Each structure stands twice: as C-alpha cells, then as structure tokens.
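Undergrad: here is my input, please return the structure:
(one chain, ligands or ions: 1)
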Amino acid sequence: MSHTPDEPPPGPDPHRTAVLRSHVREAARELREAGLEIDRDPTAIDRHLHLAAVDIMRRCTVPVEYLAEPVRAGGHTFDMSSCLEHTITIEELSYGDAGFMLACPGPLMSGVAVSALGDDKQRHAYYQRLAGPDPVWTFFGLTEPEKGSAATELETALTPDGDGFRLDGAKAYVGNAAYAQLGVVFCRRAPGPLGIEAVLVDTSSPGFHAEPIPTVGMRGARISAITLRDVRVEREQILGYDTLKPTRRGLVGAIRTLQRFRPVLAGTAVGLARAVLDHVREQRPAPTGTARLRYEEVRDRLAAVRRRNYEVAAAIDAGSVRADRIAAVKTRAAELAEEATVVAAELLGPGALAADPYLNKLHRDARAFEFMEGTGHIQRLAVFQGVVKRTFLA
Ligand SMILES: Cc1cc2nc3c(=O)[nH]c(=O)nc-3n(C[C@H](O)[C@H](O)[C@H](O)COP(=O)(O)OP(=O)(O)OC[C@H]3O[C@@H](n4cnc5c(N)ncnc54)[C@H](O)[C@@H]3O)c2cc1C
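TA: Numbering: from 1, shown residues only. Okay, here's the model as predicted:
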C-alpha cells in the first residue's frame with residue numbers, strides 16, 4: 001500500500017519494530033473509506049468497532065497484565081509502553097486515517113497521565129476499566145478557553161468540600177470529551193504551577209457536561225468543550241495524592257505526558273503526510289520537471305523527519321527526554337504535513353481540492369497539527385532555549 005520508502009526503525013531491536021510496523025500497516029489498510037465516513041459523521045466510529053485498528057487502539061498502552069489478548073505479532077507481544085513502538089503504531093494507523101485513529105476508544109493521552117502519576121490502586125482501577133469488554137473512550141482535559149498555550153495558568157478550581165473536593169471551571173478543545181466515559185482533568189488546588197493537580201473524572205458525575213465543537217478538519221478528534229459545576233471529587237481521584245509530593249504531581253504529569261506524546265503526534269503528522277504523497281503518486285505516477293522535483297523534495301524531507309522522529313522516540317525510551325529536540329521534530333512534522341497537502345493540490349492541478357474528496361479531507365485534517373500538543377510558536381521557544389543553552393545541536 002505504501003510507496004514512501006521504508007527503512008528499519010532504530011531502537012534496541014529493529015526486527016521487533018519492523019514486525020510491529022507491518023502488523024499495524026495491515027490493520028490500517030481498511031481505514032480509508034471509514035475515515036471519510038467519520039469525516040462526514042464523527043459518531044460513525046460506533047459502526048466500525050469490529051475493525052482490527054480499533055482493537056489496536058483499545059489495547060495501545062494498556063499494560064499486558066490487564067489484557068486477555070495483548071497485541072501479538074511474529075512471536076512478540078506489544079503494549080506500546082515504548083515511545084518508539086507507540087509512535088510507529090500511531091504513524092501507521094494515521095497513514096490509514098488520522099481522524100479514524102483519534103476517534104477510537106482507548107487510553108490515548110489520559111493513559112500516559114495515569115501511568116505517570118497514578119498510584120497502584122488508581123492505575124489498577126483505570127486499566128481494569130479500559131481492558132473490560134466494552135469500548136471505553138477517554139479524554140485529557142488540559143486546555144482552557146482563555147488559557148490555551150498558557151497551560152500553567154489554568155483556572156479550573158479544585159476546592160476542599162467536606163471530606164472531598166469539588167471541581168469548577170471550563171475546558172476547551174478536548175478530544176472525545178463529549179463521548180468519553182472517563183478522563184483526566186487538570187485543575188488548580190493552590191496558586192502557582194505547583195498547585196496544579198490531575199484528577200480522574202467519570203463523565204457521568206453530576207455537574208460534568210461536555211459538548212462537541214464543530215470543526216472543519218480532523219473531525220475524528222471530536223474536540224469538545226467541557227463545563228464543570230460542583231463536580232464531586234474524592235481524594236482517591238487525585239492522581240498520586242497519597243504517594244507523590246505536591247511538587248511531583250499535576251504539572252509534572254502534564255509536562256511528562258505532553259513530552260512523551262509529542263513524537264507520537266509527530267508520527268500522526270508523518271503518517272498523514274506519507275498518505276498525501278502516496279495519493280499524489282497514485283494520481284500522477286510520472287511527474288516530470290519542476291513537479292517531480294517539488295514532489296521529491298517534500299518526500300526526502302519527510303523521510304528525514306520520520307527518521308529523526310524515530311530517533312527522538314528511541315531516545316525517550318532510553319531515558320533521554322530532550323524538550324528542545326522533541327519540540328523541533330513535532331514542529332517540522334506538523335509543517336511538512338501541511339506543506340505536503342499544499343504541494344499535492346498544486347501537483348494534482350486546479351480544482352483538485354474541490355474534485356478530490358480524499359485530498360480535500362487530508363488538506364483540512366493536516367491543519368490540526370499546528371495546534372495539537374502545543375503550537376509552533378511554543379515549540380520554537382523550546383528550541384530557542386536549547387539553542388541558547390547550547391544543548392540543541394550538542
Ligand atoms: C484536533 C485538536 C485536538 C485537541 N485535543 C486536545 C485535548 O485532547 N486536550 C486538550 O487539553 N487540548 C486539546 N487541544 C487543544 C490544543 O492543545 C490547543 O489548541 C493549544 O494548546 C493552543 O491553544 P489555543 O488554541 O487556545 O491557542 P492560543 O494558546 O490562544 O494561541 C493562539 C496563538 O498565539 C500564539 N501564542 C500563544 N502564547 C504564545 C507565547 N507565549 N509566545 C508566542 N506565541 C504565543 C500561539 O502560538 C498561537 O499562534 C486540541 C486541539 C486540536 C486542534
């Protein structure tokens with residue numbers, strides 16, 4: 001299916017990652033039509049829950065001990081706790097369809113927060129629920145309407161109330177929140193960055209309300225607005241409350257989750273960009289002259305970003321979390337995904353965006369990467385700090 005050149009991903013066991021890649025690639029084959037359907041009606045995911053890709057997303061990052069049937073291929077078992085394996089999985093599913101992948105049930109970002117911050121009991125309860133027979137959608141509620149990129153200034157309040165707490169505030173642009181059964185809400189128990197907590201919230205709790213926000217692209221992400229009014233929170237719902245010092249809780253979890261997830265998101269952008277370029281090759285197999293050069297230039301830069309993303313993800317697995325490099329690869333991948341759709345529109349000729357529903361969808365979907373997991377400006381600030389500290393190119 002893929003025409004974009006492959007190379008063995010880095011990491012301690014390239015054979016293992018190559019096995020995973022071809023396993024997920026196989027599952028992603030059936031997502032193109034389903035992705036277009038989800039673009040028209042994001043709730044259509046309910047009609048595709050039998051697909052192998054949904055199964056992979058449901059089990060992705062759930063520890064194997066909770067699963068009756070973990071993801072297995074070529075004699076290996078995968079739980080995607082490795083950032084590299086998670087990145088490869090998401091890239092391949094996004095090559096199939098990024099919107100479909102984001103509409104799937106499963107832990108997505110909330111799982112990384114629970115795993116980073118939750119105590120044994122909290123992790124157990126969360127994963128048991130995710131591994132149960134019914135599909136469970138989750139959300140990761142960080143962004144607020146007036147505090148997008150300034151996440152450390154969030155205002156959603158966690159106030160002591162009797163022997164527990166209550167939660168009041170609003171969140172914006174939160175993937176799947178209007179359809180989810182549970183998720184993580186970042187909130188403030190005290191002033192300052194260290195007063196932030198991460199709380200596990202059941203969406204059936206009285207006072208929790210979420211509704212979809214209409215979008216033109218990446219409609220599978222089903223971004224939603226949440227309002228929280230007097231939502232009762234028990235102390236057991238605060239991630240790490242009994243096991244971690246306040247300085248190691250909420251904010252640390254948000255940062256760790258975002259950093260761990262950025263190569264995964266870059267993988268989403270790379271997968272979509274590969275899909276765009278392969279679509280161009282199918283529609284115009286033998287471009288010549290400037291058109292060919294333009295295509296090859298984007299293809300080669302994409303191959304370089306993809307390789308770099310694998311390296312960054314493998315470095316995270318090896319314990320080296322370099323915020324500047326993570327930020328750089330996320331920005332480049334997001335930019336290239338957008339550029340690939342622009343180049344595709346040029347190469348496929350006037351009217352292609354209107355006449356070709358698949359290209360039209362990819363063109364709209366690719367715009368989301370700029371905002372997801374931090375805008376380009378914020379990422380460039382992280383790169384700038386790395387340049388000033390002389391760590392970026394070291
Ligand atoms: C498809 C999609 C899914 C999403 N899913 C989730 C989710 O699941 N959970 C969640 O919590 N959020 C989610 N988001 C929200 C996303 O994280 C935010 O869009 C992002 O944090 C930016 O916030 P904002 O849109 O309010 O923009 P703002 O922060 O208001 O930024 C607007 C502009 O100002 C610039 N800017 C802001 N601050 C600075 C600064 N200090 N210096 C320089 N420039 C600056 C930005 O770069 C941007 O260009 C999602 C968004 C999208 C598009």
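
Undergrad: contacts and neighbour counts: CA atoms only from here.
TA: Will do.

Undergrad: quick one: low-confidence parts of the protein?
TA: Scanning the chain with the threshold set as pLDDT under 70 gives 1-5.

Undergrad: can you show me the strands along it?
TA: Across the chain, reading from the start of the chain, the strands by DSSP state E fall at 71-73, 76-78, 138-141, 157-161, 164-175, 182-188, 196-202, 208-212, 223-233.

Undergrad: okay, the ones you listed in TSV with mean neighbour count and distance to the ligand next?
TA: Shown next, in TSV, are the strands of the chain (neighbours: other C-alpha atoms under 10 Å; distance: least, C-alpha to the nearest ligand atom, whole Å):
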stretch	mean neighbour count	distance to the ligand
strand 71-73	16	25
strand 76-78	16	24
strand 138-141	28	4
strand 157-161	19	16
strand 164-175	22	4
strand 182-188	26	9
strand 196-202	25	12
strand 208-212	19	12
strand 223-233	21	6
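
Undergrad: which among these is found nearest to residue 124?
TA: The closest approach between residue 124 and any of these, judged by C-alpha to C-alpha, belongs to strand 196-202 at 12.9 Å.

Undergrad: about what we covered before: may I see the strands of the chain arranged in TSV, with distance to residue 128 as well?
TA: TSV is the format used below for the strands of the chain (distance: least, C-alpha to C-alpha, whole Å):
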stretch	distance to residue 128
strand 71-73	17
strand 76-78	18
strand 138-141	14
strand 157-161	26
strand 164-175	22
strand 182-188	13
strand 196-202	14
strand 208-212	23
strand 223-233	20
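
Undergrad: quick one: closest of these to residue 318.
TA: Distances from residue 318 to each of those were compared by C-alpha to C-alpha, and the smallest falls on strand 76-78, at 17.4 Å.

Undergrad: strands paired with the closest one, and their directions?
TA: strand 71-73 (antiparallel) (DSSP bridges).

Undergrad: residues of the stretch 251-394 of the chain that sit close to the ligand?
TA: 368, 371-378 (C-alpha under 6 Å from any ligand atom).

Undergrad: try 8 Å
TA: For the stretch 251-394 of the chain, the contact set with the ligand under C-alpha under 8 Å from any ligand atom comprises 367-378, 381.

Undergrad: contacting residues for the nearest residue to residue 280 once chain neighbours are set aside?
TA: What sits nearest to residue 280 in space, not counting adjacent residues and going by C-alpha to C-alpha, 6 or more residues apart in numbering, is residue 344, at 6.0 Å. With contacts taken as C-alpha atoms under 8 Å, 6 or more residues apart in numbering, residue 344 has the following neighbours: 276-277, 280, 359.

Undergrad: what's the distance between residue 344 and the ligand?
TA: With the distance defined as C-alpha to the nearest ligand atom, to the nearest Å, residue 344 ends up 22 Å from the ligand.

Undergrad: cool, residue 293 as well?
TA: The spacing between residue 293 and the ligand, counted by C-alpha to the nearest ligand atom, is 31 Å.

Undergrad: neighbours of that residue, how many?
TA: Number of residues near residue 293 (other C-alpha atoms under 10 Å) recorded here: 12.

Undergrad: ok, now residue 37?
TA: 16.

Undergrad: hmm, it is touching residue 44, no?
TA: Yes: when contacts are counted by C-alpha atoms under 8 Å, residue 37 is listed as touching residue 44 (6.6 Å).

Undergrad: rewinding a little: quick check: the two most widely separated of the contacts of residue 344?
TA: Checking the contacts of residue 344 against each other with C-alpha to C-alpha, the farthest-apart pair comes out as 277 and 359, at 10.2 Å.

Undergrad: what are the ranges of the helices in this protein?
TA: Along the chain, counting by DSSP state H, helices occupy 14-28, 31-40, 52-59, 83-103, 108-117, 120-130, 250-283, 289-317, 323-347, 352-355, 357-365, 376-388.
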